[in-house]
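Participant: Please work out how this folds:
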Amino acid sequence: MGILISKSRFKAQALEILRRVETTGEPVIVTDNGTPRLIVGKYVEKVPDVRGRLKGSVLRYDDPFAPVGDGDWAVPPGSGRPDDRRAGSRTERPARDRG
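Facilitator: Just a heads-up that it's a prediction; the model follows:
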């Protein structure tokens, strides 16, 4: 899996070992009395998976190809949606006299 290095050797040559891990990407296993204690490896940033965050969020999936009707959507009052103006939930400015 990686190169085994004793704790005392790692302490003496840490900068050189870290540079080697950074360039080659090969991890180094640091041992204490011959027993592996930790792994020094290159950091790889994980790209967030949007699908992973949405996993389990669909509660029902009856008929995905059925058309969606106007009555199926609920717009909360005051949400700033265009439907709110028709319902009269916003105050409208009085019309100016342009005469």
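
Participant: pLDDT weak spots in this structure?
Facilitator: 70-72, 79-99 (pLDDT under 70).

Participant: K42 touches G25, doesn't it?
Facilitator: Yes: here K42 reaches G25: they are 4.8 Å apart, a contact under Cβ atoms under 8 Å. The way it works is simple: take the backbone N, C-alpha and C, and place the C-beta from them, glycine included.

Participant: what ranges do the strands span in this protein?
Facilitator: 3-6, 28-32, 35-40 (DSSP state E).

Participant: and the first one, which strands flank it?
Facilitator: Taking DSSP bridges as the criterion, strand 3-6 forms sheet pairs with strand 28-32 (parallel).

Participant: got the buried residues for the partner strand?
Facilitator: Buried residues in strand 28-32, counted by 16 or more other Cβ atoms under 10 Å: 28-31.

Participant: Next: stretch 13-23.
Facilitator: Here stretch 13-23 shows 17, 21 as buried, counting by 16+ other Cβ under 10 Å.

Participant: got a list of contacts for that stretch?
Facilitator: 5, 10, 26-28, 40-42 (Cβ atoms under 8 Å, 6 or more residues apart in numbering).
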